[in-house]
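Novice: sequence first, predicted model second:
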Amino acid sequence: MKTSNDMLCERAVLQDARRVVVKVGTHSIATRSGRPDHKALRRIVRGVSALRKAGLEVLFVSSGAVAAGVESLGLKARPKETTDIQMCAAVGQARFISEYEKLFAAEGVTIGQVLLTHADFDDRRRVANLRRSLDHLVRAGIVPVINENDIVADEEVKGLTFGDNDWLSSLIVKLVHADALVLLTTVDGLMDAAGKRVPVVYNLREALKLVNAVAPGGLSKGGMDSKLKAAQNAARSGANVVMANGARPRVLEGIFAGKDIGTFMPGAAL
């Protein structure tokens with residue numbers, strides 16, 4: 001049986017990460033109405049910027065555009081019709097990227113917006129072009145802010161959504177050969193039946209059995225099920241995964257210092 005010291009030793013591998021993907025969910029950066037939570041946004045941006053300034057290549061996957069559009073248009077809930085979702089995305093995406101531009105600029109970090117759909121991963125030439133583009137951005141010290149392109153995507157009606165960007169973040173990990181994936185959410189990690197945080201998960205298949213694959217209501221599309229599936233996909237490529245609470249102070253700095261934060265899911269041996 002592994003001790004807490006053994007688990008901390010395993011987390012030490014995160015200190016050697018050089019290229020990382022950080023994904024933040026809608027509820028971590030928006031209020032219940034969908035309005036951008038400026039305090040939360042500032043906290044996440046400062047954490048991502050701190051990693052970048054420490055020399056890491058960071059790719060930032062952010063949800064929240066549709067939710068911002070819902071709030072901006074005065075809607076009471078996330079719409080179900082694809083055209084209405086696209087309308088919300090068009091309005092909300094401009095709102096969120098404008099906010100990110102100001103916050104990252106205040107930290108001295110340059111960002112670049114990248115909007116993607118499933119089609120971008122279905123064609124070899126597009127995949128190769130996307131990989132080159134992302135490589136070039138991060139090597140130039142630019143943080144790509146990546147989101148599903150809900151404005152033109154029709155995957156909603158086909159059941160092929162990225163799951164609030166969880167699956168998208170795992171695809172980005174594999175695409176750019178990232179060392180780690182951090183999934184920032186509103187809970188402290190995976191919880192056991194007693195409501196206690198599970199510090200390390202070695203068998204993601206078993207962990208998935210504990211989670212009900214029920215899509216949550218409200219503004220987001222994801223849930224614990226989609227996060228664990230994304231973690232499994234990323235871990236299979238050899239990347240280490242951490243699921244943690246984005247509201248925790250200096251959470252990203254702590255994770256990559258090897259601290260016992262959130263739930264750690266070690267990558268598969270190659």
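Specialist: Structure received.
Novice: what lies in contact with the lengthiest helix in the chain?
Specialist: Ranked by residue count, the top helix of the chain under DSSP state H comes out as helix 82-106. Applying C-beta atoms under 8 Å, 6 or more residues apart in numbering, the external contacts of helix 82-106 come out as 34, 36, 38, 41-42, 45, 48-49, 62, 64-73, 75, 78-79, 110-111, 113, 115, 143, 145, 147, 149-154, 156-157. Any C-beta I mention is one placed from the backbone N, CA and C, and that applies to glycine too.
Novice: just the strands in the stretch 51-200 of the chain please.
Specialist: 57-62, 111-116, 143-148, 180-185 (DSSP state E, counting those that start in this stretch).
Novice: skip the chain neighbours and tell me the closest residue to V152.
Specialist: Nearest non-adjacent residue to V152, counting by C-beta to C-beta, 6 or more residues apart in numbering: T117, 6.8 Å away.
Novice: repeat for P36
Specialist: Take P36 and drop its neighbours on the chain: the residue closest to it by C-beta to C-beta, 6+ apart is E99, 5.5 Å away.
Novice: just the pLDDT for that neighbour.
Specialist: At E99, the model reports a pLDDT of 90.
Novice: distance of it relative to F256?
Specialist: Using C-beta to C-beta, to the nearest Å, E99 is found at 25 Å from F256.
Novice: more neighbours, these two?
Specialist: Neighbour tally, E99 and F256, criterion other C-beta atoms under 10 Å: the higher count belongs to F256, 24 against 18.
Novice: who touches that one in this structure?
Specialist: By C-beta under 8 Å, 6+ apart, F256 lies in contact with 14-15, 17, 20, 51, 54, 56, 180.
Novice: and which of those is nearest to G262?
Specialist: Proximity of the contacts of F256 to G262 (C-beta to C-beta) peaks at L14, which lies at 11.0 Å.
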